[in-house]
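S.K.: fold the following and give me the result.
(2 chains)
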Amino acid sequence: MKNNKDISPPKWADRFLKFYCNEEYAEEIRGDLHELFQTRMRNEGLGSAKRKFIWDVVRFFRWSNVKKTKGYNSNNTSMLRNYFKITRRNLFKDRGYSILNLSGLYIGIVCMVLTVLYLNYEFSFDKELLRPDDTFRLTSFNTANGGSGNQSAAPWGPALKEQFPEIQDYVRIIGHGASVFEVENNRFYETGGIIADASILEVFALKLTNGESTSALLEPNQVVIKEWLAEKYFGDENPVGQVIKIDNEKLYTVTGVLANDQNPGHLTFDFIASFDSHNEWFKTDWFIQNYTTYFLLNSDVDVKDTEGKLTAFFKARFESPETPFQREIILQPVPDIYLYDDTAGQNPQIGRVTLVGVIGLFILVIALVNYVNLVTARSAKRFKEVGVRKSIGAAKGQLRYQFLVENTIVCLGVFVLAMLSFRLFLPGFNRLMNSGLEFSLVENWPLVTVMLAITLLIGLLSGFYPAFVLSSLNPVNLVKNNTVGLAGKGYLRKSLTTLQFVISIALIIGTGLVYKQLQYMLNKDIGFDKEQVVVVPLGSTEVWRNKNVFADEIRAFPQVKDVALTANQMGGGDWGMPFRYENGDRPLNVRFMSIDAAYGKTLGLRLIEGRFFQEELATDTESSFIVNEAFLKSVGWETGLGKRIEMPTRDENNPWSPGRIVGVVEDFNFRSLHNQISPLVIANKLDWTSTLFIKLNPGSTDQVLEAIEESWKATEPNIPFGYYFLDQMLEGQYEAEVRLSKVATTFGSIAIILACIGLFSLATFSAEQKMKEVSIRKVMGASLNQIWLLFSKQFIIIILISILIAIPVSLYYLDSWLAEFAYRIQIVENIQIPVIASLTTVVVALLTIAIQSMRLAKSNPVKFLRSE
Amino acid sequence: MKGTYLGEFEELVLLTVGVLYDEAYGVAVMDEIKNETGRSVNISAIHSALRRLEEKGFVKSKMGGATNERGGRRKRFFVLTSYGKKALDEAQSLRMKLYDRIPNVAFGN
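M.R.: Below you'll find the model as predicted:
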């Protein structure tokens, strides 16, 4: 006999039914189900009855049967619900203004989100090292000329580690140069390589996805490559253990694979070759500084103290009576390099980052000001509501609470929208900033939290004014009369609008001047002719070995005007060298170039006196020099012709090789216009030349390039032909300015649009307030012009004040920005820019308020006076 | 008030409630429909239909007395309201009116 338990329906299903079912229906439903269960048990058996019971319970689980939480009908929650309702109604009542207002806020918040993302990325560089606080780069500061450098010689690292127990480890890095990778029949140039000590993997915490990091770079000719390179050359095969032929001579073994997305760092590379893979002559030289050296110090070491010790070490090693040691060793913290590096004449990135941050903040401020202005303006329409609330007993605190809640809800809504949609803007932003920002709500939750906090703060701030002002007004006045002076004459709103226009005008002026400076740099006469010049770096190719033959071959092409050989590419390829000169007591550090006889003609350099090198004169290659004007100025000579200068040699018995100056060339900008032209000495050492400058005749460049490539292939079939155009490369030097110009234009436009939205809303509000006044005036016979003037006057005053503030402030900052450039435009000469900016703003502002002023001027006075 | 449109299934349930007169509650309606039409309908559907009909005002309901077979739980009995009767009448007459207008040829002979 089955016990009683078994003939009842399944307990859990019954309990579940009881749990979800609305009490109102529970009795009948459970009653019916139990009845059915009994019937079915009799007719169909227990199992079937149970199954059907469960099925029925499931079928009853529908919305109309489910228990609804009735909520606790406390006063608090119903008031809160009322606030929601009122918020919604207010938003929908004036749809136009709400949309205008909220879209302004939306733009502001999207800008804020993008800015926060960008800043977060920029500040994340080199933060994930093995021990970030103990990792330093060896740099030196020149006490004589204030310059600083970050290069060091190869033997320094090991020697210093030997000498100083404070140094735990060192990493030396040098560029790998453009190299040809060859795997089976795939052959490509790879330019992003470095050569480094094995310790780089540990010190910089580089993660290998494949391969053994402890042994990956210990032997010569080992290489660690990025994932994408591994895929490019080996596809699905395991890259570790494979061999890559480099530059048609060396064989590198792949010993590891690096993830594509390493933590961001100032060092960027596509592959790392082991340090002993290269064997340049300067690898053992104590003086030639071609490397960057990083040190990992022991944790408890005093950095200042170590710097002093290192300085003393180098002083002892380098100082001679002839050359006093005027350098201080500085250990630069690696996490600071990306943002704050100012060595070797760099402009620290932090300037640019701060600028973006400040502009982002400006936009946010403008958007906020708009929002606050509109909220306050609109809250004047709610006098009656506030009055009624107060009359039936709302305390000040409650009213404040209401406004704060309202604004916070609105801001949060906009924030959510911005979060969901800003990805649409991310690609554009990335193009603008040349950044690779990515964002996922889940992975970046700490950032989302920060932005949420900022948004809440915005909500509270914007609710602050109406909350405190409105709640403190007298309810009788509020209910009785709409135009009780809302906080005097609206000084807050007016000054906020002024602030908006100050920012907008400043941004427009900035945009204009940055653009001018850019144009100036791109079009300035730089002392040589950069047009139609193709640059072909020869590297260590067969072509380089036969460079003179190759040059002659190309020179014979009809479309080629001239061909020159040089050791130094333009825009930073020059070398540094000390030169002794007649009557000088100490060698002068100058920039150095080595060129052939055709160089001057090819680039259109202009001589002040003397001549260029001549091929026929064999002595030229030995003992002739050309100097630039800056050189003459720095040594204080009137003329340079025939003067004796001496160049250092590598021969210890005969350290100086003398020569005569045969020509003086007019100053030309062999570096970008950020730099002054330094003293330059040019020699005719043909052995050192490694780059071809080919000047083309105007016309079909494509054909010539093809022809040159054919000749290249004939001489060097194994390495692809590579070239660039000189003018394009030189323009690339101003990429930062181009970007700045774009950023300023974009953000400037957003700012002015936002400011106009603000002005528009202010005008609307003001027009409503002035209706009665204007109506009376019209009745009394005021003309349209008078009314227009009356209405527009206040806004014109706002704009004028903004202009008066914006011009000096922006010009001050732009002047300090321009000071970074050795060659710059003068603000005085470009005074039209602030003028145009101001006029534009006035016109745009007047157009913005035109609709409202027309409405006011054309209104029928009866409409507004009737109600009195 | 929700629409007073009477769906096919609702009409069936309403008719059954009328037929059962005093004895119309969930299970009884379901059984009656099964017996009369052979349609096997889930009990939850009957409940929903009854509740909808009540909202539309075609039926009204009251709780009955305690019963033993249901573990002491009461039944909810439904009765036709005059409005419900009227709705049935209208549905019927509309159908007849349309039916009468079908020309003989349409029957395919």
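S.K.: the residue nearest to residue A:708 when sequence neighbours are not counted: neighbour count?
M.R.: The spatially closest residue to residue A:708, leaving aside those adjacent along the chain, is residue A:554, at 5.9 Å (Cβ to Cβ, 6 or more residues apart in numbering or on different chains). Where you see a C-beta, it was placed from the backbone N, CA and C, and this is true even at glycine. By other Cβ atoms under 10 Å in any protein chain shown, 20 other residues sit near residue A:554.
S.K.: for residue A:554, grab phi and psi.
M.R.: With angles defined as degrees, to the nearest 10, residue A:554 sits at phi -70, psi -40.
S.K.: is it true that it touches residue A:694?
M.R.: Yes. Between residue A:554 and residue A:694 there is a contact under Cβ atoms under 8 Å: 6.2 Å.
S.K.: between those two, which contacts overlap?
M.R.: Shared contacts of residue A:554 and residue A:694 (Cβ atoms under 8 Å, 6 or more residues apart in numbering or on different chains): A:560, A:563, A:708.
S.K.: which pLDDT does the model give the residue nearest to residue A:708?
M.R.: pLDDT for residue A:554: 89.
S.K.: okay, now whichever residue of the stretch 651-800 of chain A sits closest to chain B: neighbour count?
M.R.: Here the residue of the stretch 651-800 of chain A nearest chain B is residue A:768; by Cβ to the nearest Cβ that distance is 42.5 Å. Neighbour count for residue A:768, taken as other Cβ under 10 Å: 18.
S.K.: now the strands for the stretch 751-868 of chain A?
M.R.: Using DSSP state E, counting those that start in this stretch, no strands are assigned anywhere in the stretch 751-868 of chain A.
S.K.: which intervals of it have sub-threshold pLDDT?
M.R.: For the stretch 751-868 of chain A, applying pLDDT under 70 flags the ranges A:867-868.
S.K.: check chain B too.
M.R.: For chain B, the stretches flagged by pLDDT under 70 are B:1-4, B:106-109.
S.K.: now with 80, please.
M.R.: Scanning chain B for pLDDT under 80 picks out the ranges B:1-5, B:66-71, B:103-109.
S.K.: just the CA atoms of stretch A:739-754, as PDB, please.
M.R.: Extracted in PDB, the C-alpha atoms of stretch A:739-754 (Å, rounded to 0.1, in the frame of the first residue of the first chain):
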ATOM      1  CA  ARG A 739      46.900  66.900 -35.600                       C
ATOM      2  CA  LEU A 740      46.600  69.800 -33.200                       C
ATOM      3  CA  SER A 741      45.100  71.900 -35.900                       C
ATOM      4  CA  LYS A 742      42.500  69.200 -36.600                       C
ATOM      5  CA  VAL A 743      41.700  68.700 -32.900                       C
ATOM      6  CA  ALA A 744      41.400  72.500 -32.300                       C
ATOM      7  CA  THR A 745      39.100  72.800 -35.300                       C
ATOM      8  CA  THR A 746      36.900  69.900 -34.300                       C
ATOM      9  CA  PHE A 747      36.600  70.900 -30.700                       C
ATOM     10  CA  GLY A 748      36.300  74.500 -31.500                       C
ATOM     11  CA  SER A 749      33.300  73.800 -33.700                       C
ATOM     12  CA  ILE A 750      31.600  71.700 -31.000                       C
ATOM     13  CA  ALA A 751      32.300  74.400 -28.500                       C
ATOM     14  CA  ILE A 752      30.800  77.100 -30.600                       C
ATOM     15  CA  ILE A 753      27.700  75.000 -31.400                       C
ATOM     16  CA  LEU A 754      27.200  74.300 -27.800                       C
END
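S.K.: quick one, phi/psi of the closest residue to chain A within chain B?
M.R.: For chain B and chain A, the shortest gap (Cβ to the nearest Cβ) falls at residue B:73, measuring 3.5 Å. Dihedral angles of residue B:73 (phi, psi; degrees, to the nearest 10) stand at phi -80, psi 150.
S.K.: again, but for residue A:638
M.R.: Main-chain torsions, residue A:638, degrees, to the nearest 10: phi -80, psi -50.
S.K.: contacting residues for it?
M.R.: Residues near residue A:638 by Cβ under 8 Å, 6+ apart: residue A:632.
S.K.: quick check: the gap between it and chain B.
M.R.: 106 Å (Cβ to the nearest Cβ, to the nearest Å).
S.K.: residue A:337 now?
M.R.: From residue A:337 to chain B the distance is 70 Å (Cβ to the nearest Cβ).
S.K.: how many other residues sit next to that residue?
M.R.: Residues lying near residue A:337 (other Cβ under 10 Å) number 25.
S.K.: what's the closest non-adjacent residue to it?
M.R.: Using Cβ to Cβ, 6+ apart and skipping the chain neighbours, the partner closest in space to residue A:337 is residue A:266 (4.5 Å).
S.K.: helix, strand, or coil at the one you found?
M.R.: Following DSSP: H, G, I helix; E, B strand; the rest coil, residue A:266 is assigned to coil.
S.K.: that one against residue A:126, yeah?
M.R.: Yes. Using Cβ under 8 Å, residue A:266 makes contact with residue A:126 at a distance of 6.0 Å.
S.K.: joint contacts of the two?
M.R.: A:334, A:337, A:338.
S.K.: tell me which of the residues you listed fall in helices.
M.R.: Among the shared contacts of residue A:266 and residue A:126, DSSP state H puts A:334, A:337, A:338 in helices.
S.K.: isn't the second one up against residue A:135?
M.R.: Right, the one you point to is residue A:337. No. In this structure residue A:337 lies outside contact range of residue A:135 using Cβ under 8 Å: 9.8 Å.
S.K.: helices of chain B, start to end?
M.R.: With DSSP H, the ranges of helices along chain B come out as B:8-20, B:26-37, B:43-56, B:82-100.
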